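S.K.: got a predicted structure here, sequence first:
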Amino acid sequence: MRRLISALLLSAVAVLPALATARAADKVKVGFLSTLSGPGGALGVDMRDALLLAVKLNGGKLGGLPAEVNVVDDQQKPDVAREAIERFTKRDNVDLITGMVFSNVLLPVMPAILNTGTIYLSTNTGPEDYAGEKCNPNFFAVAWQNEDIPGAMGEVMNQRGLKNVYLIAPNYPGGRETLAGFKRFYKGKIADEVYVKLGQLDFAAEIANIRAAKPDAVFFFLPGGMGINFVKQYVAAGADKDAKLFTPGFSADEDTIKAVGEPMIGILNTSQWAADLDNPANKKFVAEFQKEYGRPPTMYASQAYDVALLVDAAVKQIGGKVEDKEALRKALTEAKFDATRGKFRFNKNNFPIQDYYLREVYKDAGGRITNKTIGKVFSDFQDVHAEKCKMK
Amino acid sequence: MPPSLIAEQLLNGLQLGLMLFLLAAGLTLVFGIMDTINLAHGSLYMIGAYIAASVIEASGSFLLGIAAAIAGTALVGVALEMALLRRLYRRSHLSQVLATFAVILIANEIVRMIWGSQPILLNMPPALSGPVELLGLRYPAYRLVVIGVGLATAVLLYLLVARTRAGMWVRAGASDREMAEVMGVDTRRLFTLVFAIGAALAAVAGALLGPLLAVQVGMGENVLILAFVVITIGGIGSIRGALLASLLVGLVDTAGRAFLPYLFRQMFPAVIAAEAGPAVASMLIYVLMAAVLYFRPTGLFPARG
């Protein structure tokens, strides 16, 4: 008898999700999982705000269907993210998942997403793991591959004749890939390569070591609050007079500028996006974000906003039939939308082919400290791992 | 390795050590005298930092912020002692751990409700935000002030414990509580006093470290682990032990981060050094703790003979 009951229960469990997905799509369900608290929290908040803004400007819809965005904080912890993924895939039956900031959160939970056949659109990290041989038709990196932006900075430092550079990054996949990307292009000598704990906030020991090494320049990748503290403490130690700071755009964007202020002026940084890029989609995004939230957007915000535009275009293209996963995937890879960063298309590994710019932090005529674009570093750049991807 | 670098790293270690001492002093007294494990000590540090941050942002005065943090957190400490901990003294350590762990969770949520889950990024006072020349060494002015305040507080605490009547009660309570009670020490009031002092010291550390770190929910938990390492090494209940152990932990941790990767590169191939250096550096203080406990199972200066 007991066996019979459990058999019945099992079949019910097996049938129910099928019933749930069999219904015609009357809305798009997006699971937005991001880091909304702690030192990396500002990043996720910017992404959430930008995504919700895009949906709002679109009349609460994505691709003509009412959009339901489910926002969850992963607290930068893989175990918290894992629970949310379970809920998204098993209970809520979301059509898409997006939003994670950090590769050390994303990598452990990604199999749980991809194994269920759910599409993941990365608003930020683009780890090597899914760029090469293990590229996956359900994994889309909408922002960049982790090596791209630091690679562009390596190129810039060559052009500027810097010969002895000190490298510092957190000891996690994103940090290691960033320095690898930098070294792939940078040709000079490396004064030292230092890895700190992810989330470290006091850099007294590291800054003293940097000063003693007497490098020409320092390339640092320290996302979120880490970078803010690093710059403040670097300037407080007077080290900026000896070696200038260079960084990927993450640590020289509006969130860092707001927290650090004047010492940011003159910092060079690379990015796939800038607030002053001249295209209609970007102009609308920058103006509307400022109007809605009373602060200028960051590159994180632009990335999440582009994800929303991409989904909107793809769902529209397939006539709102989001239950047809195959068609949705195909429409996504075609990426027929106007991105805030301008030119954008997917490579065969579902990672972007796009341009990378050099930005400089300056004080504008109105006394506001912000970035201006001062050049293009790479055009139609594709990551080095794409060759190894077997997808078409 | 230039001597100026070693000197600078020593100062960095001293600064970290003194801040740890401010936290560990309160913890070791509560543990030593009341035989109570207070996991919520880190929450008091967090509350101190938040009060300081709010008052500094509202008033623009750093000193006012620190004063408010000390007063406010001491009050919170007293309230916590009278409402909860007082009921736990006679209970087992397990009940104490469970109850004070609950306090951590509650405190985190309350802070989240009041201040939100975004960290508050506090700037150093403008006058102290640059470097100062010190015997040919450029050192951040703010860190020097932190060292100064830390040293002053340590001396003050020493005088309080070694030279005053209340300090005598505290020492008596730490070495033999029952005997002290028999001799007429009002342990009830003493406990409240000790708890308030511990909370105030944690608040000083929170307020001073605010501009160097970030004022955020959960900031107390990481530092609490370090504080427990300190009191274990120093010997539970001993202020002198806490001071020595804090400086030791501060110096070892800084030296590990500063010099170990360098040392590893001399000995191993670059790939191994890059992987192992940071990993070993982050466990160095636990190795230190294990070593100390191996030779002196009750810590360096156990208060109870």
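M.R.: Happy to help now that I have it.

S.K.: so where does residue A:68 fall, helix or strand?
M.R.: Secondary-structure element containing residue A:68, defined by DSSP states H and E: strand A:65-73.

S.K.: next, the angle strand A:65-73 makes with the helix or strand just after that strand.
M.R.: On the C-terminal side of strand A:65-73, the closest following helix or strand by DSSP H and E is helix A:78-86. Per axes from the mean of the first three to the mean of the last three Cα atoms, to 10 degrees, the angle that helix A:78-86 makes with strand A:65-73 is 160 degrees.

S.K.: can you mark which positions in helix A:78-86 are buried?
M.R.: Of all the residues in helix A:78-86, those buried under the rule 16 or more other Cβ atoms under 10 Å in any protein chain shown are A:78, A:80, A:81, A:84, A:85. Bear in mind the C-beta positions are built from the backbone N, C-alpha and C, glycine included.

S.K.: so which elements touch the helix or strand that it is followed by?
M.R.: Following helix A:78-86 in sequence order, the next helix or strand is strand A:96-98 (DSSP H and E). Under the contact criterion of 3 or more Cβ pairs under 8 Å, 6 or more residues apart in numbering or on different chains; DSSP states H and E, strand A:96-98 touches strand A:28-34, strand A:119-122, helix A:299-317.

S.K.: name the helices or strands packed onto the longest one?
M.R.: In this case it means helix A:299-317. The elements that helix A:299-317 packs onto, with contact taken as 3+ Cβ pairs under 8 Å, 6+ apart, are strand A:28-34, helix A:41-57, strand A:61-62, strand A:96-98, strand A:119-122, helix A:280-293, helix A:325-334.

S.K.: any buried residues in the fifth one, and which?
M.R.: Neighbour counts over strand A:119-122 (16+ other Cβ under 10 Å) mark A:119, A:120, A:121, A:122 as buried.

S.K.: I'd like the distance between the first one and residue A:51.
M.R.: Right, the one you point to is residue A:119. Residue A:119 sits 15 Å away from residue A:51 when distances are taken as Cβ to Cβ, to the nearest Å.

S.K.: and for the third one?
M.R.: In this structure, residue A:121 lies at 10 Å from residue A:51, with Cβ to Cβ as the measure.

S.K.: intersection of neighbour lists for the two?
M.R.: Residues within reach of residue A:121 and of residue A:51 at once, by Cβ atoms under 8 Å, 6 or more residues apart in numbering or on different chains, are A:98, A:307.

S.K.: which bits of the stretch 1-150 of chain B sit near chain A?
M.R.: Within the stretch 1-150 of chain B, the positions adjacent to chain A are B:1-2, B:4-5, B:8-9, B:12, B:15-16, B:112, B:117-119, B:121, B:123-124, B:129-131, B:138-143 by Cβ under 8 Å from any Cβ of the partner chain.

S.K.: pLDDT weak spots in the chain?
M.R.: Since you didn't name a chain, this refers to chain A. Within chain A, the segments meeting pLDDT under 70 span A:1-24.

S.K.: look at chain B instead
M.R.: Along chain B, the parts satisfying pLDDT under 70 run over B:270-271, B:274, B:304-305.

S.K.: contacting residues around residue A:82?
M.R.: The contact partners of residue A:82, taken as Cβ under 8 Å, 6+ apart, are A:108, A:109, A:112.

S.K.: wait, which of these is closest to residue A:285?
M.R.: Minimum distance to residue A:285 across the contacts of residue A:82 is 28.8 Å, recorded for residue A:109 (Cβ to Cβ).

S.K.: list the contacts for the closest residue to residue A:106 other than its chain neighbours?
M.R.: Nearest in space to residue A:106, with sequence neighbours left out and distances taken as Cβ to Cβ, 6 or more residues apart in numbering or on different chains, is residue A:100 at 4.5 Å. The contact partners of residue A:100, by Cβ under 8 Å, 6+ apart, come to A:33, A:34, A:35, A:74, A:81, A:106, A:109, A:122, A:123, A:124, A:125.

S.K.: tell me the phi and psi of residue A:100?
M.R.: As for residue A:100, its main-chain torsions (degrees, to the nearest 10) stand at phi -70, psi 140.

S.K.: grab the nearest non-local neighbour of residue A:51.
M.R.: Nearest residue to residue A:51, sequence neighbours excluded (Cβ to Cβ, 6+ apart): residue A:304, at 4.5 Å.

S.K.: and that neighbour, how close does it get to residue A:200?
M.R.: Noted for residue A:304: a distance of 26 Å to residue A:200, by Cβ to Cβ.

S.K.: try residue B:255
M.R.: Distance, residue B:255 to residue A:200, using Cβ to Cβ: 16 Å.

S.K.: same question for residue A:112.
M.R.: Residue A:112 sits 29 Å away from residue A:200, going by Cβ to Cβ.

S.K.: likewise for residue B:182?
M.R.: To residue A:200, residue B:182 is 49 Å away according to Cβ to Cβ.

S.K.: same question for residue A:42.
M.R.: Per Cβ to Cβ, residue A:42 is found 17 Å from residue A:200.

S.K.: which of those two has more neighbours?
M.R.: Neighbour count, other Cβ atoms under 10 Å in any protein chain shown: between residue A:42 and residue A:200, residue A:42 has more, with 28 against 20.

S.K.: so what's the residue count around the nearest residue to the more buried one once chain neighbours are set aside?
M.R.: In space, and not counting its chain neighbours, residue A:42 is closest to residue A:255: 4.7 Å by Cβ to Cβ, 6+ apart. By other Cβ under 10 Å, 25 other residues sit near residue A:255.

S.K.: SS state for residue A:255?
M.R.: Three-state call for residue A:255 (DSSP: H, G, I helix; E, B strand; the rest coil): helix.

S.K.: which ones are touching it?
M.R.: Per Cβ under 8 Å, 6+ apart, neighbours of residue A:255: A:42, A:43, A:46, A:224, A:228, A:298.

S.K.: and what of residue A:199?
M.R.: Under the criterion of Cβ under 8 Å, 6+ apart, the contact list for residue A:199 reads A:38, A:39, A:40, A:76, A:170, A:226.

S.K.: chain B contacts on chain A?
M.R.: Contact residues, chain A versus chain B (Cβ under 8 Å from any Cβ): A:36-39, A:41-42, A:45, A:73, A:171, A:193-197, A:201-202, A:204-206, A:208-209, A:211-212, A:225, A:228-229, A:232-233, A:235-239, A:259, A:261.

S.K.: any of the residues you listed buried? List them.
M.R.: For those, a burial check counting by 16+ other Cβ under 10 Å picks out A:36-39, A:41-42, A:45, A:73, A:171, A:193-196, A:201-202, A:204-206, A:208-209, A:211-212, A:225, A:228-229, A:232-233, A:235-239, A:259.

S.K.: longest helix anywhere in chain B?
M.R.: Ranked by number of residues, the top helix in chain B under DSSP state H is helix B:3-34.

S.K.: what residues sit buried inside that one?
M.R.: Neighbour-count burial for helix B:3-34 flags B:4-5, B:7-34 (criterion: 16+ other Cβ under 10 Å).

S.K.: now the stretch 1-150 of chain A against chain B: closest residue?
M.R.: residue A:37 (3.6 Å; Cβ to the nearest Cβ).

S.K.: from the buried ones among the residues of chain A next to chain B, which ones fall inside strands?
M.R.: Among these, DSSP state E puts A:73, A:193, A:194, A:195, A:196 in strands.

S.K.: now the two most distant members of the residues you listed.
M.R.: For these, with distances taken as Cβ to Cβ, the pair at the greatest spread is A:73 and A:193 (32.8 Å).

S.K.: so which residue is smack in the middle of chain A?
M.R.: The centroid of chain A falls nearest to residue A:124 when counting by Cα atoms, centre = their mean (1.2 Å).

S.K.: distance check, that residue against residue B:27.
M.R.: Distance of residue A:124 to residue B:27, given as Cβ to Cβ: 39 Å.

S.K.: for the closest residue to residue A:325 other than its chain neighbours, helix, strand, or coil?
M.R.: Closest residue to residue A:325 apart from its sequence neighbours, by Cβ to Cβ, 6+ apart: residue A:117 at 6.4 Å. When classified by three-state DSSP, residue A:117 comes out as coil.
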